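**Student:** give me coordinates for this.
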Amino acid sequence: MHLTLRTHVAQPPAQVMAGFTRELFLQLAPPFPPMRLQRFDGSRRGDQVEIELGVGPISQRWTSLITDDGVLPDGTHYFVDEGQQLPGPLRFWRHRHLMQPAPDGGTEIIDAVEFRTASPVLDALLYPVMWAQFAWRKPIYRRLFR
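**Tutor:** Residues are numbered from 1 along each chain as shown. Presented below is the predicted three-dimensional model:
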């Protein structure tokens, strides 16, 4: 299943890319499910992010590896995180973070997500939940990158 959300912000791509820090990661976390950040190396190839979702005996670990990052010829900054250890029911996760130059000198932040479970039906049922989780980011991006 593919999901893409775009958010326009005022800062240029290099500044937005530099803003993808531990602090931003924590601010972007939606209120549900509860999340505890265990590890955040950064947003460059080889960096790892580990979170614990849920509470108590029903918590699950999510580990992502930054598998690629760079700058494209058009000035788009990007990095890609791929799930290594995923909470059920996810079986596959790839999130491309693109910071594309906008005509006004700002940036179009693009969250391009691909996820899969064991079932296309479950993928479709999860889509609105995933959309809401990423839509949560839009006002935070706008506030922090104005």
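**Student:** secondary structure class for the residue of the chain most remote from its centre?
**Tutor:** When distances to the mean C-alpha position of the chain are computed (C-alpha atoms, centre = their mean), the maximum falls on residue 57, with 25.8 Å. At residue 57 the chain is in helix, as set by DSSP: H, G, I helix; E, B strand; the rest coil.
**Student:** how much space between it and residue 30?
**Tutor:** Distance of residue 57 to residue 30, given as C-beta to C-beta, to the nearest Å: 22 Å. Placement of C-beta: from N, CA and C, glycine included.
**Student:** buried residues in stretch 25-34?
**Tutor:** Buried residues in stretch 25-34, counted by 16 or more other C-beta atoms under 10 Å: 25, 28-29.
**Student:** report the central residue of the chain.
**Tutor:** The residue lying closest to the centre of the chain (C-alpha atoms, centre = their mean) is residue 95, at 5.8 Å.
**Student:** now the helix or strand harbouring that residue - C-alpha only, PDB.
**Tutor:** Assigned by DSSP states H and E, residue 95 belongs to strand 92-101. Taking C-alpha atoms only, strand 92-101 is exported to PDB below (Å, rounded to 0.1, in the frame of the first residue of the first chain):
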ATOM      1  CA  PHE A  92       7.100  -4.300   5.300                       C
ATOM      2  CA  TRP A  93       7.900  -0.600   5.700                       C
ATOM      3  CA  ARG A  94       9.700   2.000   3.600                       C
ATOM      4  CA  HIS A  95       9.400   5.700   4.200                       C
ATOM      5  CA  ARG A  96      10.900   8.200   1.800                       C
ATOM      6  CA  HIS A  97      11.300  11.700   3.200                       C
ATOM      7  CA  LEU A  98      11.700  14.200   0.400                       C
ATOM      8  CA  MET A  99      12.500  17.900   0.900                       C
ATOM      9  CA  GLN A 100      11.800  19.300  -2.600                       C
ATOM     10  CA  PRO A 101      12.500  22.900  -3.500                       C
END
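**Student:** ok, and what's touching that strand?
**Tutor:** Strand 92-101 is contacted from outside by 12-13, 16-17, 20, 43, 64, 74-83, 86, 107-116, using C-beta atoms under 8 Å, 6 or more residues apart in numbering.
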